[in-house]
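1. quick one, structure for this:
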Amino acid sequence: MNGFNSEEAAACRRLVEMALAEDLGVAGDRTSRALIPAEQLGQAAFVARSAGIVAGLPAAAMVCEMLPGANLTFTARLADGTSVQPGTVLATVSGALRGILAAERTALNFLQRLSGIATLTHHYVAAAAGFPARILDTRKTTPGWRLLEKYAVRQGGGHNHRIGLFDGILIKDNHLAGLRGDVQLAIETARSARGNDWLPVEVEVDTLEQLEAALAAKADIVLLDNMGPEMMRTAVARRNAASPDTKLEASGGVTLSTIRAIAATGVDRISVGAITHSAPALDIALDYQSRDR
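-> Numbering: from 1, shown residues only. A predicted model of the protein is given here:
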């Protein structure tokens with residue numbers, strides 16, 4: 001099972017703690033306590049109901065591990081990033097049946113959400129296959145979930161843009177407005193201000209005139225905002241002539257129906273907010289199994 005790094009694991013632990021607290025409250029699972037004997041054991045399987053890419057098994061495992069007093073055993077049957085079909089068993093959980101029932105919804109919420117992001121990312125990556133452009137996420141993530149959602153993007157074959165405001169310099173239109181639109185000045189000022197911390201300097205442009213200024217300043221990355229394919233092709237040609245080391249990133253209104261045409265222009269990167277903010281949950285269920293299976 002592909003695992004979280006230490007920062008992702010810490011973020012997941014905080015989220016799981018909050019999720020269990022909001023679901024269980026002070027009283028716990030009243031229904032299961034009323035109907036299921038405390039000593040009754042059980043086993044259940046997490047099963048895909050639709051095709052997709054799995055992500056979030058470490059989160060589901062953490063839910064089962066952190067459920068108070070349950071002593072559940074979670075066993076992954078495959079790794080995050082695996083392509084699955086309807087009926088594929090992703091993992092099993094065994095132990096006190098009360099605990100399994102209490103963990104069910106929270107574990108599925110993590111697994112369905114992250115698998116949905118991985119699956120949608122995979123669709124975008126597949127749509128752009130054959131061209132060198134990388135598919136990137138954005139900062140359009142669920143508050144608190146950013147590290148996990150960006151993990152899911154990687155499981156779907158995508159790549160991460162900057163994690164936050166702290167690990168990259170991206171000069172956007174509102175930054176430029178504060179400098180009266182002077183692209184070259186903005187790049188040079190940002191480059192000098194980064195000091196000993198090497199960070200890529202990226203600038204957003206929406207005209208070819210702004211692109212020329214960014215290329216003259218040797219920006220590390222230029223984000224082509226809401227440009228059509230014809231203008232992007234022109235931008236790529238101008239970049240190739242003036243500053244071949246500068247990467248070009250397409251962004252703005254990218255959909256599954258447009259991404260292939262965008263990739264064909266020769267841009268190096270395509271950032272897609274939809275893969276995190278608009279991904280539908282993957283249909284996954286928890287099916288009870290008899291103990292003698």
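
2. residue contacts, the residue nearest to residue 52 when sequence neighbours are not counted?
-> Leaving out its chain neighbours, the residue that sits closest to residue 52 by CB to CB, 6 or more residues apart in numbering is residue 119, at 3.7 Å. Where C-beta positions appear, they are placed from N, C-alpha and C, glycine not excepted. Contacts for residue 119 were tallied using CB atoms under 8 Å, 6 or more residues apart in numbering; they are 52, 53, 156, 279, 282.

3. most neighbours among those, which one?
-> When neighbours are counted by other CB atoms under 10 Å, residue 156 leads the contacts of residue 119 with 30 neighbours.

4. how much space between that residue and residue 175?
-> Residue 156 sits 31 Å away from residue 175, taking CB to CB, to the nearest Å as the criterion.

5. next: residue 232.
-> Noted for residue 232: a distance of 22 Å to residue 175, by CB to CB.

6. neighbour count winner among the two?
-> Neighbour count, other CB under 10 Å: between residue 232 and residue 175, residue 232 has more, with 20 against 14.

7. leaving out sequence neighbours, find the closest residue to the more buried one.
-> Counting by CB to CB, 6+ apart, the residue nearest residue 232 is residue 265, at 4.0 Å.

8. quick one: the one you found from residue 123, how far?
-> From residue 265 over to residue 123 the distance is 20 Å, taken as CB to CB.

9. when the two are compared, which one has more neighbours?
-> Comparing residue 265 with residue 123 by other CB under 10 Å, the one with more neighbours is residue 265, at 23 against 17.

10. model confidence for the more buried one, exactly?
-> On pLDDT, residue 265 comes in at 98.

11. give me every residue that touches it.
-> Residue 265 makes contact with 229, 232, 233, 235, 236, 250, according to CB under 8 Å, 6+ apart.

12. do residue 162 as well
-> So residue 162 contacts 139, 168, 170 (CB under 8 Å, 6+ apart).

13. my read is that the first one contacts residue 146, right?
-> It stands for residue 139. Yes: when contacts are counted by CB atoms under 8 Å, residue 139 is listed as touching residue 146 (7.3 Å).

14. which residues are in contact with both of those two?
-> Counting by CB under 8 Å, 6+ apart, the residues touching both residue 139 and residue 146 are residue 164.

15. give me the more crowded residue out of the two.
-> Neighbour count, other CB under 10 Å: between residue 139 and residue 146, residue 146 has more, with 19 against 16.

16. and that one, what does it touch?
-> Residue 146 touches 11, 139, 163, 164, counting by CB under 8 Å, 6+ apart.

17. that one and residue 191: what is the separation?
-> Counting by CB to CB, the gap from residue 146 to residue 191 is 26 Å.

18. could you do residue 215 as well?
-> The gap separating residue 215 from residue 191 is 14 Å, by CB to CB.

19. and residue 279, by the same measure?
-> Distance, residue 279 to residue 191, using CB to CB: 35 Å.

20. pLDDT at residue 293, what is it?
-> Residue 293 is given a pLDDT of 43.

21. quick one: the strands in the stretch 151-293 of the chain?
-> 169-171, 201-205, 221-225, 247-251, 269-271, 284-289 (DSSP state E, counting those that start in this stretch).

22. ok, which of those strands comes nearest residue 72?
-> Among those, strand 284-289 comes nearest to residue 72, with 12.1 Å by CB to CB.

23. and the closest one, how far from the chain's centre?
-> Relative to its parent chain, strand 284-289 has a centroid offset of 25 Å by CA atoms, centre = their mean, to the nearest Å.

24. what comes up buried for that strand?
-> The neighbour-count check on strand 284-289 (16 or more other CB atoms under 10 Å) flags 284, 286 as buried.

25. C-alpha coordinates for that strand, PDB please?
-> Extracted in PDB, the C-alpha atoms of strand 284-289 (Å, rounded to 0.1, in the frame of the first residue of the first chain):
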ATOM      1  CA  ILE A 284     -17.200   2.300  -2.800                       C
ATOM      2  CA  ALA A 285     -19.100   0.200  -0.300                       C
ATOM      3  CA  LEU A 286     -18.400  -1.700   2.900                       C
ATOM      4  CA  ASP A 287     -19.900  -5.200   2.600                       C
ATOM      5  CA  TYR A 288     -20.300  -7.500   5.700                       C
ATOM      6  CA  GLN A 289     -18.800 -10.900   5.400                       C
END
